[in-house]
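Participant: Mind looking at a prediction? Sequence and model below.
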Amino acid sequence: MRWTNYFVHPGDNRYHVFAFPILEHADSFEDRLHKAGIPFERHLEATDGDATGRNEWLFGIHRDHFQGALHENHLVHATYRSKFIPVDGFRWSLLIGTLAVVLIAIIGALTQRANAQTDIWQISASSTWMAPLVVLGAEPISQEDEGLSLTWTPTGGVSFGLRLLRRFPSSWSVETGLETMRTWSDWDLEFQPLNDPFPLYDTLTLRTSRYRMPLLARTHVPINNRSNLTASAGISIDYLVSDAFTTGTQSRDEVYSDYMVEENRLHRFTLPLRAEIGYEFLPSKKDQLGFYVGAMWWRDWNQNRWGEATWTRELETADVRIFMAQAAFAFECRIILP
C-alpha cells in the first residue's frame, strides 16, 4: 500500500515514479513537466488485478529533477482536489453548527452552577436510525460501462449500543462506548445486450455491518436543573466486519443472465470524524431513568468502501466499479440508566 502517489523506482533507485489513476490528472502533470523543462518517461500500466481495477499512468523522473517534479505534482493535486464537504449548503450548515457548538461551550462555561453537578459517571443504552439525506452526504452514485448501468442508493440503517460518559467539574465531559451498526443500500442494474434492443433490469439489496467505538468530547448548556443542551465532537474507531455480496438471475427467450453486486473495503479499520448535538433530560432521583434525543453526522477521511456490479449473459460480460459515499446522518435516542 502506498501513502503517496510517488515512490522510488523498484528496479533503479536513480529514478522516482509518479503514478496517476486519472487520465486528466496525468495529462496535466505531463503539460507541467514540459513547461518546467523536466525530462520524463510516461508509461500506461493496467492494474485490473488490484482492488480498484483502474489503470495507472506512470512517469519516470530522474532523481536530479525530483524536487521540481514533486512541486508540479503538488500543483496538479491542488488543481483537481475535491472539497472535503462537496455540498455547498451542507458546508455552510456545518460551519454554522460548529459555531453553535463553540457558543454552547462558552455559555456552558459561563453558566456553570455549583449545584448542577450530578454523578461523575453515566451509562446509557443507545439506538440510531440513519436518514439517507442527499444534502448531508448520502447521495446516490451512478456509473456505466460496457453496456451495464449501475446506480447505488443508500436506503438507511440502524445501530444499537452502550455509551459511557465521564463528567468533569466544568461543563465538559468525555464519552465512549461500543455500537453495532447495519446499513442497507439498493443497487439498480440495467444491462443492454448487444443483439437485443430491450435492456434487462433488476434491483438488488445489500446489507453491511460494522462495529464502532466513539471517542468524543462533550459540552453542555443547562436549561434547568434536570435538562441540558449538549454538543459532542471527535472521532470513531470503526471496524468493518467483512465484504458483502448478493446475486440474481433471470431469463429472456430461454437465455439466462447471471449478475452480482458486492461491497468491499480497502481497510478493515477507519477513523471517521463525528459530531453530535442533542437534548438530555436527567431524572430527579438517581434510581430513575433519563433520556436523550439528538442527531449525529460522520464522515470518513478517505474513500474506503468500493462496490462492483457484474452482469453475464451468454458470452457477454460487463463490469462496473464505484466508490461509495463517505458521509452519513442519523437520529439518536438514548435511555440513561440509573
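Facilitator: Structure received.
Participant: quick one, domains of the protein?
Facilitator: 6-80, 88-336 (automatic domain parsing).
Participant: List the residue ranges of this structure that fall below the pLDDT cut-off.
Facilitator: When the per-residue scores of the chain are filtered using pLDDT under 70, the ranges that remain are 1-2, 47-54, 82-95, 97-98, 101-102, 104-118.
Participant: where exactly do the helices run in this structure?
Facilitator: Secondary structure of the chain (DSSP state H): helices located at 23-36, 66-80, 88-110.
Participant: List the contacts of the first one.
Facilitator: By that I understand helix 23-36. With CB atoms under 8 Å, 6 or more residues apart in numbering as the test, helix 23-36 has contacts from 18, 20, 40, 42, 57, 59, 61, 68-69, 72-73, 75-77, 79-80. Backbone N, C-alpha and C define where each C-beta goes, glycine included.
Participant: Can I have the buried ones of the residues you listed as a ChimeraX selection?
Facilitator: The buried subset of the contacts of helix 23-36, as determined by 16 or more other CB atoms under 10 Å, is captured in ChimeraX by this line:
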select :18,20,40,57,59,61,69,72,73,76
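Participant: before we move on, back to that, name the stretch among the domains of the chain that sits most buried.
Facilitator: With neighbours defined by mean count of other CB atoms under 10 Å, none of the domains of the chain is more surrounded on average than domain 88-336, at a mean of 16.
Participant: Return the distance of that one from the chain's centre.
Facilitator: Chain-centre distance of domain 88-336: 8 Å, with CA atoms, centre = their mean, to the nearest Å.
Participant: how much space between the spatially closest residue to Met130 that is not a sequence neighbour and Met181?
Facilitator: Leaving aside its chain neighbours, Met130 sits nearest to Gly157 (3.9 Å; criterion: CB to CB, 6 or more residues apart in numbering). Taking CB to CB, to the nearest Å as the criterion, Gly157 is separated from Met181 by 6 Å.
Participant: same deal with Thr246?
Facilitator: Relative to Met181, and taking CB to CB, Thr246 is found at 19 Å.
Participant: Next, the contact list for Leu165, please.
Facilitator: Contacts for Leu165 (CB under 8 Å, 6+ apart) come out as Trp121, Gln122, Ile123, Ser124, Ser173, Val174, Glu175, Arg218.
Participant: what is the fourth one paired to in the beta sheet?
Facilitator: Note on Ser124: beta-bridge partners by DSSP bridges are Arg163, Ile336.
Participant: and what of Ile141?
Facilitator: With DSSP bridges applied, the residues forming beta bridges to Ile141 are Trp152.
Participant: likewise Thr247?
Facilitator: For Thr247, the beta-bridge assignment (DSSP bridges) gives partners Met260.
Participant: is it true that it touches Glu262?
Facilitator: No: Thr247 lies out of contact with Glu262 (CB atoms under 8 Å); the separation is 9.3 Å.
Participant: if I look at the residue nearest to Trp301 when sequence neighbours are not counted, how far off is Asn302?
Facilitator: Setting aside the residues directly before and after it, Trp301 is nearest to Leu271 in space (CB to CB, 6+ apart), at 6.5 Å. Shown here: Leu271 relative to Asn302, a distance of 10 Å by CB to CB.
Participant: Contacts for stretch 259-266 next, please.
Facilitator: Outside stretch 259-266, the residues within contact range by CB under 8 Å, 6+ apart are 51, 150, 185, 187, 189, 191, 202, 204, 206, 208, 240, 243-249, 303-312, 324.
Participant: out of these, which are inside strands?
Facilitator: Counting by DSSP state E, the part of the contacts of stretch 259-266 found in strands is 150, 185, 187, 189, 191, 202, 204, 206, 208, 240, 244-249, 305-312.
Participant: and the contacts of Leu165 as CSV, adding distance to Arg166?
Facilitator: CSV is the format used below for the contacts of Leu165 (distance: CB to CB, whole Å):
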residue, distance to Arg166
Trp121, 6
Gln122, 8
Ile123, 10
Ser124, 13
Ser173, 6
Val174, 5
Glu175, 7
Arg218, 10
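Participant: Which residues are in contact with Ile22?
Facilitator: For Ile22, the contacting residues are Tyr80, taking CB under 8 Å, 6+ apart as the criterion.
Participant: List the beta-bridge partners for the spatially closest residue to Leu148 that is not a sequence neighbour.
Facilitator: With CB to CB, 6+ apart as the measure, Ala318 is the residue that lies nearest to Leu148, at 3.5 Å, once sequence neighbours are left out. Legend: beta-bridge partners of Ala318 under DSSP bridges are Trp311.
Participant: need the contact list for Ala318.
Facilitator: For Ala318, the set of contacting residues under the criterion of CB under 8 Å, 6+ apart consists of Asp145, Glu146, Gly147, Leu148, Phe191, Thr310, Trp311.
Participant: Repeat that for Gly147.
Facilitator: Listed by CB under 8 Å, 6+ apart, the contact set of Gly147 reads Phe191, Gln192, Pro193, Leu194, Glu316, Ala318.
Participant: Could you rerun that using 10 Å?
Facilitator: Contacts here follow CB atoms under 10 Å, 6 or more residues apart in numbering; on that basis Gly147 touches Glu190, Phe191, Gln192, Pro193, Leu194, Pro199, Trp311, Arg313, Glu316, Thr317, Ala318, Val320.
Participant: now Tyr239
Facilitator: Shown here is Tyr239, whose contacts under the criterion CB under 10 Å, 6+ apart are Ser209, Arg210, Tyr211, Arg212, Met213, Arg268, Phe269, Thr270.
Participant: With that, I have no additional questions.
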